[in-house]
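Asks: Next input, structure requested:
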Amino acid sequence: MAERYLQESENYGRGKINIGVPSHIGTFYIFKRLKNFHQQFPNIKISIFSRRTNELLELLSKKELDIVIDSSPIDLLNKSATVISLKKVRHCFFCSKEFYSNLSEIKHLKDIQEQPLILPVKKSSHRQYLENLANNLNISFKNVMSIETSEMIINAVRSNMGIGYVVYDLIEDEINKGVFKEIKICEDLPKVELNLIYNEKDLTMVPRNFIEEYLLDDK
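Replies: Presented below is the predicted three-dimensional model:
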């Protein structure tokens, strides 16, 4: 910590920032902010680590990360850590344009329970929230492929393998371009809160500036 304080200067000519963020969140949330930060402070070394939530929080507690950005729920190892809500994002069902052209009309969650679905793995909070909604509506999904990463779910949908389920922000551009079609249903799908986690006493000038000027200022 002392070395970092000595290296950093008021104009941020030197220094570093270590960020922990799961890949699916990093893809749609962090890079625009990092791009702006890097353009202003090109000599700051930026490192991004993508792991499971518990691994990222462990690295944070060991001071190997400056900040973590992840979705709820957050089970803190260090109860004194600061947790700030950044934004809420929604999930959606989507499919390729070709797959959509062969679908019957879908209005409700029950209308897709027989369709081939490409969902996050059961242990993920995203899948658990969806399953809870389905159970409350007495719905059971019959034809499910479980995939661990959102990137692979998107690629499976792109290959016309079925209807995917991811955070909307990940595919917003491709929906706007007509590559994918969002399947809108009447039921409210689960929303996820994105959180910023850090240890206040461990922050040096560079990560503090990134938080204040590029994360919180954007809320």
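Asks: Check the burial of the residue nearest to Gly20 when sequence neighbours are not counted by counting its neighbours.
Replies: In space, Gly20 comes closest to Leu56 once its chain neighbours are excluded; the distance is 3.8 Å by CB to CB, 6 or more residues apart in numbering. C-beta here means a position set from N, CA and C on the backbone, and glycine is covered the same way. Neighbourhood size, Leu56 [other CB atoms under 10 Å]: 23.
Asks: Same question for Pro116.
Replies: Pro116 has 17 nearby residues by other CB under 10 Å.
Asks: ok, it to Ala134 distance?
Replies: Computed as CB to CB, to the nearest Å, the Pro116 to Ala134 distance reads 16 Å.
Asks: Over to Val157?
Replies: From Val157 over to Ala134 (counting by CB to CB), the distance is 19 Å.
Asks: tell me the domain boundaries of the chain?
Replies: The chain breaks down into these domains under automatic domain parsing: 2-81+199-218, 90-192.
Asks: Contacts only, for Ser80.
Replies: Going by CB atoms under 8 Å, 6 or more residues apart in numbering, Ser80 touches Asn199.
Asks: re the thing from before, ok, so what distance separates the residue nearest to Gly20 from Ser124?
Replies: Computed as CB to CB, the Leu56 to Ser124 distance reads 15 Å.
Asks: Next: Tyr165.
Replies: 11 Å.
Asks: Name the residue in those two with the higher neighbour count.
Replies: Applying other CB under 10 Å to Tyr165 and Ser124 shows that Tyr165 carries more neighbours, namely 25 against 15.
Asks: Show me which of Val157 and Ala134 is the more surrounded one.
Replies: Using other CB under 10 Å, the more surrounded residue of Val157 and Ala134 is Val157, with 25 against 16.
Asks: so what's the more buried one closest to, chain neighbours aside?
Replies: Gly164 is the one closest to Val157 (CB to CB, 6+ apart), at 4.0 Å.
Asks: Then Ser96?
Replies: Ser96 sits nearest to Asn160 (CB to CB, 6+ apart), 5.1 Å away.
Asks: again with Ile25
Replies: Nearest non-adjacent residue to Ile25, counting by CB to CB, 6+ apart: Ile69, 6.1 Å away.
Asks: Same question for Ile67.
Replies: Using CB to CB, 6+ apart, the nearest residue to Ile67 is Tyr198, at 4.5 Å.
Asks: so who does that neighbour touch?
Replies: Taking CB under 8 Å, 6+ apart as the test, what Tyr198 contacts is Leu60, Asp66, Ile67, Val68, Ala81, Thr82, Pro207, Ile211.
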